[in-house]
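**Q** Have a look at this prediction, sequence included:
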Amino acid sequence: HKYGQVVIDGTDDFCKIFFKPKVAMSKDGRCEEIIGENQCRNSPCEFNYKFQFRIKKTCKTKEMCNIIVADAYTAGTSPPTPIVSLVKTKKGFYTAKNDFKVGCLCKTHTKVVKLECTSKAGLISSKSFELDYTCSECDMKWLAEKE
């Protein structure tokens, strides 16, 4: 699992967003010892992630911020519906509500995680990062390092 760098969007960070990836976990990913086309087993796998955040108290009080988690779009598929959650505390940890199932094929998936705050005047401030993940330990050999 690799996290990209946190990217700042917008010109004014009026909510003083702090956003830091923490733990990403998967279980049941297996890799066949024989190298070949079917090296990764197509078996169920569960995956979860966690990250830390903090915003100004006034932004929490005015309910200006949302955490958005979306799967990266893949050509030839329907865009997945992002998960949008209102930030109800000024600091804490966000964890996927449930482990989610991923096919243990030799494939890397990407989620985009964003904390976005919108002022009453329509100004937007956000920070985001990409999470590249795979359930198969086979893929860990090929998962590119983020610069």
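**A** Perfect, I can see it now.

**Q** Spit out the contact partners of residue 13.
**A** Residue 13 makes contact with residue 125, according to CB atoms under 8 Å, 6 or more residues apart in numbering. (Each C-beta comes from the backbone N, C-alpha and C, glycine too.)

**Q** what about residue 94, distance to residue 49?
**A** 9 Å (CB to CB, to the nearest Å).

**Q** likewise residue 117?
**A** 21 Å.

**Q** These two: which is more packed in?
**A** Between residue 117 and residue 49, residue 117 has the larger neighbour count (other CB atoms under 10 Å), namely 25 against 22.

**Q** Might one say that the more buried one is in contact with residue 14?
**A** Yes - using CB atoms under 8 Å, residue 117 is in contact with residue 14, at 7.1 Å.

**Q** shared neighbours of the two, which are they?
**A** Common neighbours of residue 117 and residue 14 (CB under 8 Å, 6+ apart) are 59, 125.

**Q** Not counting its neighbours along the chain, what's nearest residue 116?
**A** Excluding the flanking residues, the one nearest residue 116 by CB to CB, 6 or more residues apart in numbering is residue 126, at 3.9 Å.

**Q** swap in residue 60?
**A** The shortest distance from residue 60 to any non-neighbouring residue, by CB to CB, 6+ apart, is to residue 90 (4.3 Å).

**Q** Near that neighbour, how many other residues are there?
**A** Neighbours of residue 90 (other CB under 10 Å): 16.

**Q** Could you do the one 5 residues further on as well?
**A** Around residue 95 sit 13 other residues, with neighbours defined as other CB under 10 Å.

**Q** Dig out what residue 21 forms beta bridges with.
**A** Counting by DSSP bridges, residue 21 is bridged to residue 51.

**Q** That one contacts residue 51, correct?
**A** Yes - using CB under 8 Å, residue 21 is in contact with residue 51, at 4.8 Å.
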